[in-house]
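Trainee: sequence-free structure coming up:
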C-alpha cells in the first residue's frame, strides 16, 4: 500500500516537471499581453493626467514625456515577468511569493515620486501611474502562476 502512494507522488512530480515548459510559455505569453495592456493603460492615464493639469515636470525642470512613461512601464513589467518566471522555477508557492515580492516592489516604487520635487498635481499623477501597471500585472501574473498547466 505504501509503495502505491510513493509511486503516485513520484508520478505526480514527474508530470509537474513535464508541464513546466508549458506553464512557463503560458506565463510569458500572458505576461507580454499584460505588459502591452499595462503600458497602454498607463500612457492613457498619463495623457488624462496631463490634460487635467499635471505637467510632469520633475526636479531639474525636466518634463517626463508620455513615451518615456510607456517605455518604463514596459521595462518594469518585463522585469515582473522575469521575477514570476524565476519563482515558477524555484518556489513551491510561486503565486504567493510573487504577490509579496511585487507588492513590496510596488510600495518601494512609490518613494521616488515623493522625492521628485514636482508639484502636487504631478506627484499625485506619478503615484497613480505607479499603481496602474501594478493593478494590471500583479493579478494577471498571479493568476497565471496559480493555475496548473492543463
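Mentor: Happy to help now that I have it. This one's a predicted model, so the numbers in the text were calculated from it and none came from an experiment.

Trainee: any low-confidence regions in this protein?
Mentor: Scanning the chain with the threshold set as pLDDT under 70 gives 1-18, 148-150.

Trainee: rerun at 80
Mentor: Low-confidence segments of the chain (pLDDT under 80): 1-20, 147-150.

Trainee: Can you show me the helices along it?
Mentor: Remark: helices assigned in the chain by DSSP state H are 2-51, 66-90, 94-109, 111-115, 120-146.

Trainee: Need these in CSV (columns: distance to residue 58).
Mentor: Any C-beta I mention is one placed from the backbone N, CA and C, and that applies to glycine too. Below are the helices of the chain laid out as CSV (distance: least, CB to CB, whole Å):
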stretch, distance to residue 58
helix 2-51, 13
helix 66-90, 11
helix 94-109, 15
helix 111-115, 9
helix 120-146, 7
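
Trainee: for these, which one sits closest to residue 57?
Mentor: helix 120-146 (6.4 Å; CB to CB).
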